[in-house]
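**Student:** Next one to model:
(one chain, ligands or ions: 1)
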Amino acid sequence: MGTVEHVTLACPRCGQETRHELAYAGRLLVVTTCTRCGNSLERDVRARYLADLRQRMMSKPGRMLRRFRRHPLSFTTSLPRTVPSKPLELIAEVKLVWRAAAAARQHDNTD
Ligand SMILES: [Zn+2]
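**Tutor:** Numbers count the residues shown, from 1 in each chain. Okay, here's the model as predicted:
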């Protein structure tokens, strides 16, 4: 799973503002889930994710080095949020994006 954040949003099913879980792959919001009723909204971000990933990979060495020189301490704590440091994290991100894309397609068919 990518990065997860919690925010208060209006849920169409609950009809009120509830706590929502936002699942990100890198910088892209992939799934929004109401923690009260479980209603989730998936977005198909595959194309944007791949473009974003390519850019993250390409800019990684130079960017990491610059950030490390500037902020040696914050560098290590902020790293997991922007660039998957382990292959397993990357695989989890890709799975999240593709699973959400499949779910988003189903929504389109039923709506
Ligand atoms: Zn809800």
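**Student:** Flag the helix or strand of the chain with the lowest per-element mean pLDDT.
**Tutor:** helix 72-82 (a mean of 54; mean pLDDT, DSSP states H and E).
**Student:** any idea of the pLDDT on the spatially closest residue to residue 19 that is not a sequence neighbour?
**Tutor:** Nearest residue to residue 19 in three dimensions, chain neighbours excluded: residue 35, at 4.6 Å (CB to CB, 6 or more residues apart in numbering). Backbone N, C-alpha and C define where each C-beta goes, glycine included. On the pLDDT scale, residue 35 is placed at 97.
**Student:** can you tell me how far residue 35 sits from the ion?
**Tutor:** 8 Å (CB to the ion, to the nearest Å).
**Student:** same deal with residue 102?
**Tutor:** According to CB to the ion, residue 102 and the ion sit 22 Å apart.
**Student:** Residues of the protein that sit close to the ion?
**Tutor:** 11, 13-14, 18, 34, 36-37, 39 (CB under 5 Å from the ion).
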